[in-house]
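J.: After the sequence you'll find the predicted model.
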Amino acid sequence: MQIDHLVFAVHDLESGIRQIAGLTGISPATGGLHPGWGTRNALLALGPETYLEVIAPDPNQPRPPHGRALGVDRTDLPRLTRWAARTDNIPAAAALAEAAGFSTGKILDGSRKKPDGSLLRWQLSDPYIDPADGIFPFLIDWLDSPHPANHAPAGCRLLQLRAEHPDAGRISALTAAAGLDLEIARGPEPALIAALQTPKGVVVLR
């Protein structure tokens, strides 16, 4: 499994785009809507197959009865709320995670229309299931779709993704057992911390 993308949740997409553009010097490009999920996004490439997803409520969609996934309904935004690990075998990766003690839920189908009208399709583990306060990723497989990073604004690069958690030892052991290499330090609250190389220098998001 590899880092596929980081989720930076915001209350308002336009202000989130401006914030990331101000920090990095590159403006994320509008991605599209997530029908039925109540969200929309914008993307910034962090490498050939890695990107930052700025995600926010879609004002033109009702809030789903079960809420919005990926931390979008949190009040302490903007912040990194989740991350996705890419795999070409979600059932096998999910089984490994379950054996390590992390529930991943059902495998779901997702899609959205890109601004050019083409359809992006993927499979993912249930993003509503968050077994480790955002530290353990949800799983994603882009199937036959081109990777979104290929068409997102380039110029930034992910240098490091790490995490903090009050129960760092236990979470680290379980994460390693699930096949993930993620540095997790003890901290006062769960947090994801990403270091990005940008035209404005190294930027840290959390």
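T.: Arrived safely, thanks for sending. Residues are numbered from 1 along each chain as shown.

J.: Quick one: name whatever helix or strand follows the host helix or strand of residue 108.
T.: Element membership of residue 108, judged by DSSP states H and E, is strand 107-113. Later in the chain than strand 107-113, the nearest helix or strand by DSSP H and E is strand 119-125.

J.: Show me which positions of that following strand end up buried.
T.: The neighbour-count check on strand 119-125 (16 or more other CB atoms under 10 Å) flags 120, 122, 123, 124, 125 as buried. Bear in mind the C-beta positions are built from the backbone N, C-alpha and C, glycine included.

J.: Next, count neighbours for residue 194.
T.: By other CB atoms under 10 Å, 21 other residues sit near residue 194.

J.: tell me which element it is part of?
T.: For residue 194, the element it lies in under DSSP H and E is strand 191-198.

J.: Give me the distance from stretch 107-118 to the chain's centre.
T.: Distance of stretch 107-118 from its chain centroid, counting by CA atoms, centre = their mean, to the nearest Å, is 16 Å.

J.: For that stretch, measure first residue to last.
T.: End-to-end distance of stretch 107-118 (CA to CA, to the nearest Å): 23 Å.

J.: Pull the residues that contact it.
T.: 30-35, 90-91, 94, 119-127, 151 (CB atoms under 8 Å, 6 or more residues apart in numbering).

J.: now the angle from the helix or strand of the chain with the lowest mean pLDDT to strand 119-125?
T.: Least confident helix or strand, the chain: strand 107-113 with a mean of 86, by mean pLDDT, DSSP states H and E. Relative orientation of strand 107-113 and strand 119-125, computed by axes from the mean of the first three to the mean of the last three CA atoms, to 10 degrees: 160 degrees.

J.: In the strand holding residue 108, which residues are buried?
T.: 110, 112.

J.: picking that back up, TSV for the buried residues of strand 119-125, including distance to residue 180?
T.: Output for these, formatted as TSV (distance: CB to CB, whole Å):
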residue	distance to residue 180
120	25
122	20
123	19
124	16
125	13
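
J.: Please identify which of the residues you listed is nearest to residue 64.
T.: The closest of those to residue 64 turns out to be residue 124 (CB to CB; 16.0 Å).

J.: For the closest residue to the closest one other than its chain neighbours, give its distance to residue 84.
T.: Using CB to CB, 6 or more residues apart in numbering and skipping residues adjacent in sequence, the residue nearest residue 124 is residue 140, 4.6 Å away. Per CB to CB, to the nearest Å, residue 140 is found 5 Å from residue 84.

J.: Need the residues touching each of those two.
T.: Counting by CB under 8 Å, 6+ apart, the residues touching both residue 140 and residue 84 are 4, 5, 124.
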